[in-house]
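Enquirer: please find the sequence and the predicted model below.
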Amino acid sequence: MELAVVYTRAEYGIESPLVQVEVHLSRGLPGLSIVGLPEAAVKESKDRVRAAILNSGFEFPQRRITINLAPADIPKQGGRYDLPIAIGVLAASGQVKVERLADCEFIGELALGGELRGVRGVLPVVVAASQINRSVVAPTENGAEAGLVKNSDCFVAGHLLSVCAWLNELEPLSVATGYIESSQNLIADLSDVKGQEQAKRALIVAASGGHNLLFVGPPGTGKTMLASRLPGILPHLTEQAALETAAVASISAHGFDASSWGQPPFRNPHHTASAPALVGGGSNPMPGEISLSHNGVLFLDELPEFSRHVLEVLREPMESGRIVISRAARQAEFPARFQLVAALNPCPCGYLGDQQRQCRCTPGQIEHYRNKISGPLLDRIDLQVEVPRVAYRELRHSTDAGRSSAEIKALVIQTQNIQRQRQVGKLNATLNINEMEKHMGLSDEQLNFLEHVVDKLRLSARAYHRIIKVSRTIADLDASKKITQAHLAEAISYRCFDRM
């Protein structure tokens, strides 16, 4: 046989389009050429493949070898094509059987000795292959990741020889097995935070309804401690949500850590991060921090220290739950349904309103500092909570540990279940206006009260709607079928920045 076709998949955002590796042996001077829009790493694969085949004890054909990666209009990058190219060369030269090639896809980078090295983006490959009932052969390093997809037929191998023995029906390959979730919770417990009962309450409300949250307070009051404990009170992700989150991490530069399967991600970028670092970018678009926090939490500490241009790129994905990165040659879409938690000081020195330290900032400096955060971005933050300094006496003598993260998590799960049953799987924060009016009816007295508040605080229509959503979440926490005046008043109390 002088022509062989091997299936693999390209990396195209979180999608994995099918690629046919066509290998043809013809007469002429010995040589190997790769066509089909290969980038540098793919062109270099011919040297890796040649060495791996020879060092594995096979014969490298002394023929003219043409390798076509179809379709030709999709850019091919990385070492993921090494294994399918090697299998194609061996199949075209009659050194391995071809019966299994039609029902299987191959992915992996080859070492010069024939060992298989892990590559990124294996999880989307397994998901796409399982949808058309094809098996996947991947490196052993990617086994924990590949085995997470249920009802998939995925095998792992550590060497080219193992794959060839399986194709020749001489030896079986190991089946990929997913990571078994550990019961150990590595996230710090909320009971570690002393005092700050209002901030804890706001954290529970935010977790229960999926609301965005802003902490405002002097340095050292526990804002970062509170935010870092939010993932510990969030429910574990559903299988579909976990697959979406893992797929984004799988194609990122750091890859996917299988031990984090099912846990809401928590991303904490430094304030020097650029706009592409948050939204993603590059000639071959890669996910940024907002996509890596999909179905989880994006924490921005020292919010005004971020560039205003960087912060403004958050506005659209906060509403749409996705980010589209366009380049001249291609366009990639990444999911970005995240929960924003931010923290800031009330002024540049941080001590405005602090009873123990005197603020040294002028009114102009304070105004300039706060103007770094635009009104449209603040409008999209449902809860704005003051975190005052806790007295040293309370820190020293407090013996009340408060509720643990496990107790609060049970309450959050119960509250979210109420919302999903009422709103067909949606949390309060994700409802549109029509859904909100359907599920959150208010009396005329309550509407008049809200109208007075909106006029006095000069709130926008978006802030008005978000107050209603937060009040509905507070009512759900109390297992109340209707929103009461007390629920509305508490929701309004979480707009401290508007009152400032």
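Expert: Thanks, I have the structure now.
Enquirer: give me the number of residues near residue 252?
Expert: Other residues near residue 252 come to 17 when the count uses other CB atoms under 10 Å. All C-beta spots, glycine's among them, are computed from the backbone N, C-alpha and C.
Enquirer: I should have written residue 272 there, sorry.
Expert: Residue 272 has 10 nearby residues by other CB under 10 Å.
Enquirer: which stretch of helix or strand covers residue 84?
Expert: Per DSSP states H and E, residue 84 falls inside helix 82-92.
Enquirer: any idea how far that helix is from the middle of the chain?
Expert: Distance of helix 82-92 from the chain centroid (CA atoms, centre = their mean, to the nearest Å) equals 34 Å.
Enquirer: for it, which helices and strands make contact with it?
Expert: strand 3-9, strand 18-26, helix 45-55, strand 64-70, strand 104-106, strand 109-110, helix 160-167 (3 or more CB pairs under 8 Å, 6 or more residues apart in numbering; DSSP states H and E).
Enquirer: tell me what angle the longest one forms with helix 160-167.
Expert: Which is helix 45-55. 80 degrees (axes from the mean of the first three to the mean of the last three CA atoms, to 10 degrees).
Enquirer: now the angle from helix 45-55 to strand 64-70?
Expert: With the same axes, to 10 degrees as the basis, helix 45-55 and strand 64-70 are set at 120 degrees to each other.
Enquirer: is it possible to get CSV of the helices and strands packed on helix 82-92 that adds mean pLDDT?
Expert: Formatted as CSV, the helices and strands packed on helix 82-92 follow (pLDDT from 0 to 100):
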stretch, mean pLDDT
strand 3-9, 97
strand 18-26, 96
helix 45-55, 96
strand 64-70, 96
strand 104-106, 97
strand 109-110, 97
helix 160-167, 97
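Enquirer: any chance of those in JSON lines, plus mean neighbour count and distance to residue 264?
Expert: Below are those laid out as JSON lines (neighbours: other CB atoms under 10 Å; distance: least, CB to CB, whole Å):
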{"stretch": "strand 3-9", "mean neighbour count": "22", "distance to residue 264": "28"}
{"stretch": "strand 18-26", "mean neighbour count": "19", "distance to residue 264": "32"}
{"stretch": "helix 45-55", "mean neighbour count": "20", "distance to residue 264": "38"}
{"stretch": "strand 64-70", "mean neighbour count": "20", "distance to residue 264": "37"}
{"stretch": "strand 104-106", "mean neighbour count": "24", "distance to residue 264": "31"}
{"stretch": "strand 109-110", "mean neighbour count": "24", "distance to residue 264": "31"}
{"stretch": "helix 160-167", "mean neighbour count": "22", "distance to residue 264": "37"}
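Enquirer: for residue 240, find the nearest of those.
Expert: Nearest to residue 240, of all the helices and strands packed on helix 82-92, is strand 3-9, at 20.4 Å by CB to CB.
Enquirer: contacts for the closest one, please.
Expert: The contact list for strand 3-9, computed with CB atoms under 8 Å, 6 or more residues apart in numbering, reads 16-25, 80-81, 83-85, 87-89, 91-92, 98, 101, 104-107, 124-125, 128-129, 134.
Enquirer: low-confidence ranges in the stretch 201-350 of the chain?
Expert: 328-329 (pLDDT under 70).
Enquirer: now the helix holding residue 84: average pLDDT?
Expert: In this model, helix 82-92 has a mean pLDDT of 97.
Enquirer: pull that helix out as CSV, backbone CA atoms only.
Expert: The C-alpha coordinates for helix 82-92 follow below in CSV (Å, rounded to 0.1, in the frame of the first residue of the first chain):
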residue,chain,number,x,y,z
ASP,A,82,4.0,13.5,15.2
LEU,A,83,2.2,10.3,16.1
PRO,A,84,-0.3,10.3,13.3
ILE,A,85,2.4,11.2,10.7
ALA,A,86,4.6,8.3,12.0
ILE,A,87,1.6,5.9,11.9
GLY,A,88,0.8,7.1,8.4
VAL,A,89,4.3,6.4,7.1
LEU,A,90,4.4,3.0,8.7
ALA,A,91,0.9,2.1,7.3
ALA,A,92,1.8,3.4,3.8
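Enquirer: just the angle between it and strand 3-9, please?
Expert: 160 degrees.
Enquirer: the nearest residue to residue 161 once chain neighbours are set aside: neighbour count?
Expert: Distances taken as CB to CB, 6 or more residues apart in numbering put residue 56 closest to residue 161, at 5.2 Å, once the chain neighbours are dropped. For residue 56, the neighbour count with other CB under 10 Å is 19.
Enquirer: stretch 32-47: how far from the chain's middle?
Expert: The answer for stretch 32-47 is 31 Å, by CA atoms, centre = their mean.
Enquirer: next one: stretch 469-476
Expert: With CA atoms, centre = their mean, you get 26 Å for stretch 469-476.
Enquirer: cool, and stretch 476-494?
Expert: 31 Å.
Enquirer: now stretch 315-326
Expert: The chain centroid and the centroid of stretch 315-326 are separated by 13 Å, computed with CA atoms, centre = their mean.
Enquirer: can you tell me what sits against that stretch?
Expert: Applying CB under 8 Å, 6+ apart, the external contacts of stretch 315-326 come out as 212, 279-281, 285, 288, 290-291, 331-338, 340, 376-377, 380, 430.
Enquirer: which positions in it come out as buried?
Expert: 317-318, 323-325 (16 or more other CB atoms under 10 Å).
Enquirer: which one of those residues is nearest residue 187?
Expert: Nearest to residue 187 among the buried residues of stretch 315-326, with distances taken as CB to CB, is residue 318, at 23.9 Å.
Enquirer: what about residue 244, distance to residue 462?
Expert: Separation of residue 244 from residue 462 (CB to CB, to the nearest Å): 27 Å.
Enquirer: higher neighbour count, these two?
Expert: Per other CB under 10 Å, whichever of residue 244 and residue 462 has more neighbours is residue 244, with 17 against 14.
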